[in-house]
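In: no FASTA, just this:
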C-alpha cells in the first residue's frame with residue numbers, strides 16, 4: 001500500500017473530524033471514541049479543571065502538541081503549567097498527558113505514541129483502559145498498572161479511584 005506524504009503546512013491547514021495526527025509526513029487517523037472513552041475524558045477534564053487555579057495548571061481535551069519538527073500528536077487530555085506561554089499548538093512538554101484506549105486502538109500504535117511523548121520530555125504519561133477500568137503509567141518503555149496518579153518532581157498524588165468516582 002502506497003503512502004502519500006504531505007507537508008507540515010498542508011497538515012496544519014487541513015481540518016478533519018476527528019482531528020488527525022502527523023508523523024513524518026504521514027497523516028495518522030485517530031480512533032473514533034465510544035462512550036466509555038468520552039466519559040473518562042469528561043471526568044479527567046472535570047477533576048483537573050476544578051483544580052486549575054489552585055495548582056497553577058490548565059487542562060485541555062484533544063490539544064495539538066508538536067512533539068518534534070516532524071511529529072504532531074493529540075493527547076486525549078493534556079495538563080499544562082499556567083506559567084508557560086499560551087500557544088495554539090503546544091511546543092513545550094506538558095506536565096501530563098492522558099491517552100484513553102478505544103476498541104479500535106492498536107497497541108503498537110499506542111506504544112509508539114507514548115514513546116514519542118517520553119522523547120519530548122513529558123514527565124507524566126498515563127494510559128487508561130476504560131472497559132476494566134485500569135490505569136497505567138508509561139515509563140522506560142513499559143506500561144505499569146497503578147492506582148496512584150502523581151506528577152514527577154512534585155509532592156502531588158491522588159488515587160485514581162477518587163477520579164473514577166466521578167463516573168456516572
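Out: Everything's here; your move. Owing to the predicted nature of the structure, the values given are computational and were not obtained by experimental measurement.
In: which residues in this protein form helices?
Out: Assigned by DSSP state H, the helices in the chain fall at 8-12, 35-49, 52-55, 107-120, 160-164.
In: got the buried residues for the shortest one?
Out: Of the residues in helix 52-55, those buried under the neighbour-count criterion (16 or more other Cβ atoms under 10 Å) are residue 55. (Glycine included, C-beta is placed from N, CA and C.)
In: neighbouring contacts of that helix?
Out: The contact list for helix 52-55 (Cβ atoms under 8 Å, 6 or more residues apart in numbering) reads 58, 59, 82, 156.
In: What sits closest to the last one if chain neighbours are left out?
Out: The shortest distance from residue 156 to any non-neighbouring residue, by Cβ to Cβ, 6 or more residues apart in numbering, is to residue 150 (6.1 Å).
In: What is the burial count for that neighbour?
Out: 15 (other Cβ atoms under 10 Å).
In: ok, it - contacts?
Out: By Cβ under 8 Å, 6+ apart, the neighbours of residue 150 are 124, 156, 157, 158.
In: Now, of those, which are buried?
Out: Applying 16+ other Cβ under 10 Å to those flags residue 124 as buried.
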